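**Student:** Got a sequence here, can you build the structure:
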Amino acid sequence: MIPGGGQPNMQQLLQQAQKMQQDLANAQEELARVEVEGQAGGGLVTATVTGSGELRALKIDPKAVDPEDTDTLADLVVAAVQAANENAQTLQQQKLGPLAQGLGGGSGIPGLPF
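**Tutor:** Predicted coordinates:
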């Protein structure tokens, strides 16, 4: 038998795991509330997404609207949303990266690249 029964270490590990899980949940909730932007066409199109990547708003400057060339406008919208999502991924890595490292590497969260 191990002196002390070995229980304190197991209890401590469980408490640490629960704290990391709670910290991760708190960070995910924060990401769902925080908004980041991405722009295209020198600011003609601005997309706003949450830190978790949910599209919240899309602003289109009237100068970007040409009824004869909707393809360019569509490209600007796609580029702005992609830029916003890249900013959201950077924010995710800043908020969740340290927590994922504490869990031993990969976060195990689908859709997150770390």
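**Student:** tell me which residues of the longest helix seen in the chain are tucked away?
**Tutor:** When secondary structure is assigned using DSSP state H, the longest helix within the chain turns out to be helix 70-102. Buried positions in helix 70-102, judged by neighbour count with 16 or more other Cβ atoms under 10 Å: 73, 76-77, 79-81, 83-85, 87-89, 91-92, 95-96, 99-100. Quick note: C-beta positions are derived from backbone N, CA and C, even for glycine.
**Student:** How far does whichever strand or helix holds Ala17 sit from its chain's centre?
**Tutor:** The secondary structure element spanning Ala17 is helix 7-33 (assigned by DSSP states H and E). Using Cα atoms, centre = their mean, to the nearest Å, the mean C-alpha position of helix 7-33 is found 18 Å from that of the whole chain.
**Student:** and what of stretch 30-37?
**Tutor:** Averaging C-alpha positions (Cα atoms, centre = their mean) puts stretch 30-37 8 Å from its chain's average.
**Student:** buried stuff in it?
**Tutor:** When neighbours are counted by 16+ other Cβ under 10 Å, the buried residues of stretch 30-37 are found to be Leu31, Val36, Glu37.
**Student:** Three-state assignment for the spatially closest residue to the last one that is not a sequence neighbour, please.
**Tutor:** For Glu37, ignoring the flanking residues on the chain, the nearest one in space by Cβ to Cβ, 6 or more residues apart in numbering is Thr48 at 5.2 Å. At Thr48, secondary structure determined by DSSP: H, G, I helix; E, B strand; the rest coil is strand.
**Student:** Count the residues that sit near Thr48.
**Tutor:** The criterion is other Cβ atoms under 10 Å. On that basis, Thr48 has 18 neighbouring residues.
**Student:** can you tell me which residues contact it?
**Tutor:** Going by Cβ atoms under 8 Å, 6 or more residues apart in numbering, Thr48 touches Glu35, Val36, Glu37, Leu55, Arg56, Ala57, Leu58, Lys59, Ala84.
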